[in-house]
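>>> how would this look folded up:
(2 chains, ligands or ions: 2)
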Amino acid sequence: MTVVTVTNVVKRFGETIAVRGISFSAERGEILGLLGPNGAGKTTTMHMMLGLTSHDEGSVRILDLEMPKDRYQILQRVNFASAYVSLPANLTIDESLYVYGKLYNVKDPKRRAKEVLEELEVDLPGSALVGTLSAGQKTRLNLCKALLNKPAVLFLDEPTASLDPDIAIKVRAILKKLQKNHGTTIIYTSHYMQEVEELCDRTIFLARGSIVATGTPAEIRERSKLKNLEEVFVTIARDGELRDSAEKDDR
Amino acid sequence: MIARILAMVMRYLFIYKRSYIRIAELVFFPLMDLLVWGFVTLYLEQVTQSKAVLFMLGGIILWDIFFRAQQAVGMSVLQEMWVGNTLNLFVSPLRSYELIISTAIVGFIRALITISGLGACAYLLYAFNILELGFALVPLFGLLLFFGWTVGLFTAALILRYGEAAESLAWIVPFLIQPFVAVFYPVSALPPLLQVFAQVFPCTHIFEGMRSVLHDGGIPWGSLVSAFLLTLVWISLTGTYLARTLTHVRRKGYLTTAARG
Ligand SMILES: Nc1ncnc2c1ncn2[C@@H]1O[C@H](COP(=O)(O)OP(=O)(O)OP(=O)(O)O)[C@@H](O)[C@H]1O
Ligand SMILES: [Mg+2]
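Ligands and ions are numbered 1, 2, ... in the order given. Now for the predicted structure:
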């Protein structure tokens, strides 16, 4: 079942064309990696799917609903976390999760908050102010918020940036578990290619606003005859595209 | 809908729970105003024998109701920017109007605290009883809140559009209109051209109404109705501007960045 369909989406910021008519889709229970060099358009694409930024052309459909027409119906059933966005710094952990639990219409917000805190192994006092947490602790708390409403689609923008390797492994395990147990679709960006290879069912490589390669990590390695995604990434970052190995041989 | 509004009201009140400074701030600054201007007019009254003190104190207290309501609604967006929470709110199912209503409720609470605190101080210091306004106090308070929210909404739209650069505007906007809305002196004290200009602001009619009550005790229906109708006009203009601003900032991607180009 397809839960996310992006069709010919274009986004311009004045002179800059951040996204140049890209199309892709994501299936239920799929972990899809949006990859590419800095400025490729990953965050912009994600923000358009969340209705934070409007698209100039094309369409975004999520869970059989249209963004931005059905904005709030969609937002009720998806969630988002990023290492670069925080919960309110002047609230405590308990307060902020309670407020967001209520915003997402969660039945028993206090109990649900406890569940997600345990799941992500945040063992800090609930009375700690969000603003006083370390970067990694904040990132984990953001993930807690993102799980409160048991989202059907989870958007994660560099969720593992600033996590220590131990926690990063645990977070990956949790994402796998969500996928397996709840059929959650996860669309996520990351610059850690090893993590991508381990986690993603499928990847989309963007460069300068266009899709330059797509497929399972294995397929992409195969086609490009490169050793790993790291090399694929570097090739794309330097050449702005990924030529098939067959093409390369022709030259 | 109600649950989300209440959640946001709590989100703002949680902060007060921990911060006595913030609570003190609600009464402290206006109290300073009350002290300085109260004594100044007390002195003038000795010299000139008039109801100046009455009007001055009424003006200070009522102005602060307007100011608190404007601040609560206007500063909310800025507050969320400061604590890095804007994006999380805009990807949640919280509707814009629910956010606005919740900040309006917080503004109401803040205004209530201010008016009680200042009212008590004015009574102790100057034997000025704000309750002497009688029943008229209710519509005056309500109208000031209403227009305060409206100006706050306009401020919030400016901040969304121009970012933190508009921060100082959030503080200044109320004072930009203060000279023209006859807070501390009657409209008749203004030059003729400004008298006409003053009529477009609901505040003008509210403060004229207040003086009329303090003067002879009757309820100034004309002023109240004018203020109400004008506020309706202002709020529909502001609402339209805010809606357009939201479309604009989504197109420009401003919700997701502090940069404005
Ligand atoms: N609000 C905006 N106004 C103007 N230009 C923008 C805005 N947001 C993004 N851009 C531009 O759009 C392009 C894509 O940016 P985007 O943030 O989507 O990249 P990204 O792939 O997420 O990069 P990174 O890996 O660095 O996070 C960049 O050239 C960026 O400068
Ligand atoms: Mg990015």
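>>> grab the nearest non-local neighbour of the residue of chain B found nearest ligand 1.
Among the residues of chain B, residue B:253 lies closest to ligand 1, at 2.8 Å counting by C-beta to the nearest ligand atom. Every C-beta, even on glycine, is put in place using the N, C-alpha and C of the backbone. Sequence neighbours aside, residue A:53 is the residue nearest to residue B:253 in space, at 4.5 Å (criterion: C-beta to C-beta, 6 or more residues apart in numbering or on different chains).
>>> ok so that neighbour is a helix residue?
No. Residue A:53: not assigned to a helix; according to DSSP: H, G, I helix; E, B strand; the rest coil it is coil.
>>> what's the pLDDT at it?
Among the per-residue scores, residue A:53 shows a pLDDT of 95.
>>> surely it and residue B:256 touch.
Yes. In this structure residue A:53 lies within contact range of residue B:256 using C-beta atoms under 8 Å: 6.4 Å.
>>> identify the contacts common to these two.
Each of residue A:47 lies in contact with both residue A:53 and residue B:256 under the rule C-beta atoms under 8 Å, 6 or more residues apart in numbering or on different chains.
>>> neighbour-wise, which of these two wins?
residue A:53 (27 against 23; other C-beta atoms under 10 Å in any protein chain shown).
>>> show the contacting residues for that one.
Counted by C-beta under 8 Å, 6+ apart, residue A:53 has contacts A:11, A:44, A:47, B:250-251, B:253, B:255-256.
>>> go on, residue B:50?
Contacts for residue B:50 (C-beta under 8 Å, 6+ apart) come out as residue B:44.
>>> quick one: the helices in chain A, in order.
For chain A, helices defined by DSSP state H occupy the ranges A:42-49, A:71-77, A:93-103, A:109-119, A:135-147, A:165-182, A:193-199, A:217-224, A:229-239, A:245-250.
>>> equivalent analysis for chain B, please.
Going by DSSP H, chain B shows helices at B:2-18, B:20-48, B:52-82, B:86-90, B:96-126, B:137-162, B:167-177, B:192-198, B:202-216, B:221-252.
>>> what about residue A:240, neighbour count?
13.
>>> just the pLDDT for residue A:234.
Among the per-residue scores, residue A:234 shows a pLDDT of 87.
>>> gap between it and residue B:80?
For residue A:234, the distance to residue B:80 equals 39 Å [C-beta to C-beta, to the nearest Å].
>>> out of those two, which sits in the busier spot?
With neighbours defined as other C-beta under 10 Å, residue A:234 and residue B:80 compare such that residue B:80 has more, 19 against 13.
>>> contact partners for residue B:31?
Applying C-beta under 8 Å, 6+ apart, the residues near residue B:31 are B:117-118, B:121.
>>> tabulate those residues (JSON lines), appending neighbour count.
As requested, these are arranged in JSON lines below (neighbours: other C-beta atoms under 10 Å in any protein chain shown):
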{"residue": "B:117", "neighbour count": "20"}
{"residue": "B:118", "neighbour count": "24"}
{"residue": "B:121", "neighbour count": "19"}
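>>> columns pLDDT and distance to residue A:35 on top of those, output as CSV?
What follows is the contacts of residue B:31, written out as CSV (pLDDT from 0 to 100; distance: C-beta to C-beta, whole Å):
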residue, pLDDT, distance to residue A:35
B:117, 89, 57
B:118, 89, 59
B:121, 89, 63
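>>> make CSV out of the residues you listed and add distance to chain A.
CSV is the format used below for the contacts of residue B:31 (distance: C-beta to the nearest C-beta, whole Å):
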residue, distance to chain A
B:117, 23
B:118, 26
B:121, 29
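>>> burial count for the residue in the stretch 51-200 of chain A that chain B sits nearest to?
Closest residue of the stretch 51-200 of chain A to chain B, C-beta to the nearest C-beta: residue A:102 (3.4 Å). Residue A:102 has 21 neighbours, counted by other C-beta under 10 Å.
>>> just residue B:193 next, same as before
The local packing of residue B:193 (other C-beta under 10 Å) involves 8 other residues.
>>> ok, how many other residues are close to residue 89?
Since you didn't name a chain, this refers to chain A. 16.
>>> chain B, not that one
Using other C-beta under 10 Å, residue B:89 has 20 other residues around it.
>>> tell me who's in contact with it.
A:103, B:80, B:99 are the contacts of residue B:89 under C-beta under 8 Å, 6+ apart.
>>> and the gap between it and residue B:177?
Separation of residue B:89 from residue B:177 (C-beta to C-beta): 29 Å.
>>> what does residue B:117 give?
Relative to residue B:177, and taking C-beta to C-beta, residue B:117 is found at 24 Å.
>>> between the contacts of residue B:31, which sits nearest residue B:19?
Nearest to residue B:19, judged by C-beta to C-beta, of those is residue B:117 at 16.4 Å.
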